[in-house]
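Chemist: Fold the following.
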Amino acid sequence: MTAGGFYGPQGRQLRLNQKIHKIIDKLSDFECLNHNITNFEMETSAIYGLSKLMGHEALSVNAIIANRATMRFSKDPYSFIEKMIVKTLEKIDQLDV
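Modeler: Next up is the predicted model:
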């Protein structure tokens, strides 16, 4: 799931109260086509918003390296990210654009 910011929109609380309490728990219960939300990130919302405003097409590919809900973290995130980049570039290269 993409969020418009790092702290409040992703369920983190500093000094201000959260508008939606336990947002991670609520969103992880959501299911669509046997898939659940397991990750928050904030870059995609900006990329898609700016590309729309400028008349561009955009793509966001994300590597999930941490699951805050279960406190599980990738032991080798750099290897996972590199594999994701290589696979994405291979798929883009196969496109007929």
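Chemist: only C-alpha atoms for contact and neighbour calcs from this point on.
Modeler: Fine.
Chemist: what comes up buried for the helix or strand of the chain with the lowest mean pLDDT?
Modeler: Here the helix or strand of the chain ranked lowest by mean pLDDT, DSSP states H and E is helix 23-28, holding a mean of 75. Of the residues in helix 23-28, Ile23, Ile24 count as buried by neighbour count, 16 or more other Cα atoms under 10 Å.
Chemist: Could you list every helix and strand in contact with that helix?
Modeler: Using 3 or more Cα pairs under 8 Å, 6 or more residues apart in numbering; DSSP states H and E, no helix or strand is in contact with helix 23-28.
Chemist: Quick check: what element follows it along the chain?
Modeler: Counting by DSSP states H and E, the next helix or strand C-terminal to helix 23-28 is strand 31-32.
Chemist: Find the residue ranges of this structure scoring beneath the pLDDT cut-off.
Modeler: Within the chain, the stretches with pLDDT under 70 are 3-14, 16, 69, 97.
Chemist: quick one, longest helix in this structure?
Modeler: The residue-count maximum for a helix in the chain (DSSP state H) belongs to helix 77-94.
Chemist: Show residues contacting that one.
Modeler: Outside of helix 77-94, the residues within contact range by Cα atoms under 8 Å, 6 or more residues apart in numbering are Val61, Ala63, Ile65.
Chemist: Good, we can wrap up now.
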